[in-house]
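**Q** Build me a model:
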Amino acid sequence: MFSLASLLRQSAASAALVAAAAVAPASAVTIAVGSYANTGIGAEFQSPYDNFVIDGATLIVSLSQSPVEISLGDVSFEVGPNCYSCTLTPSFDALLDITVDGMTRQLDLPYSWSSSGPNDILAFATPVAVLFDFGALGMVTIAVETLDALASPGGIVHGQLNAMASVSPVPEPTSYAMMLAGLGIIGFVAKRRR
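**A** Below is the predicted model:
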């Protein structure tokens with residue numbers, strides 16, 4: 001025969017299993033980022049300058065529910081002789097392949113070029129986060145942080161493409177079943193005692 005105390009202990013054990021499933025240990029994933037290059041941005045004539053390059057990185061990261069800052073790669077912007085009368089303000093999309101443990105998604109990094117005379121400028125919009133659904137293993141999210149504008153009167157300026165990466169683990173269905181069974185037993189005992 002079950003006592004109320006033993007039922008409460010079993011329910012507490014079920015709740016502990018669900019909590020343990022929700023706070024899964026950090027898992028290591030391999031992240032590989034593709035590269036991107038665009039040459040002669042904003043030029044009204046053929047130019048070897050105003051080049052934007054992203055050199056993607058490959059890294060192994062231990063992810064947890066708390067976001068971890070990572071660098072997806074290096075960015076560079078090469079500026080040549082300045083255009084004081086340029087009127088173009090073209091916009092582009094840097095499409096980068098991001099592969100997490102063999103699953104590939106595409107990151108769309110919108111940016112635009114402009115010239116203020118002494119400086120050529122690349123300005124960036126914040127891209128939409130990239131999600132990788134690994135089913136029962138959880139969901140990996142990579143959210144690129146706002147990238148500062150790159151500006152130069154000539155030469156090459158460098159920067160980093162930083163992101164926050166995290167994993168949202170999915171509890172096992174058996175954990176949900178145990179929790180529901182424990183709550184059902186508590187409800188049954190409470191009703192029976194009345």
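
**Q** Tell me how this protein divides into domains.
**A** The chain breaks down by automatic domain parsing into domains covering 1-23+170-194, 25-168.

**Q** Contact partners for the residue nearest the centre of the chain?
**A** Centroid-nearest residue in the chain, with Cα atoms, centre = their mean: residue 142, separated by 0.8 Å. Residues in contact with residue 142 (Cβ atoms under 8 Å, 6 or more residues apart in numbering) are 31, 70, 72, 98, 100, 107, 129, 130, 132, 163, 164, 165. Where C-beta positions appear, they are placed from N, C-alpha and C, glycine not excepted.

**Q** of these, closest to residue 57?
**A** For the contacts of residue 142, the closest approach to residue 57 (Cβ to Cβ) belongs to residue 72, at 5.9 Å.

**Q** Confirm that that closest one sits in a strand.
**A** Yes. The assignment for residue 72 is a strand, going by DSSP: H, G, I helix; E, B strand; the rest coil.

**Q** Now do it against residue 117, distance only.
**A** 32 Å (Cβ to Cβ, to the nearest Å).

**Q** what's the answer for residue 51, then?
**A** As for residue 51, its distance to residue 117 is 20 Å (criterion: Cβ to Cβ).

**Q** And those two? Which one has more around it.
**A** When residue 51 and residue 117 are compared for neighbours, residue 51 comes out ahead with 17 against 11, by other Cβ atoms under 10 Å.

**Q** got the contact list for that one?
**A** Here residue 51 is in contact with 37, 38, 39, 40, 41, 76, 77, 78 (Cβ under 8 Å, 6+ apart).
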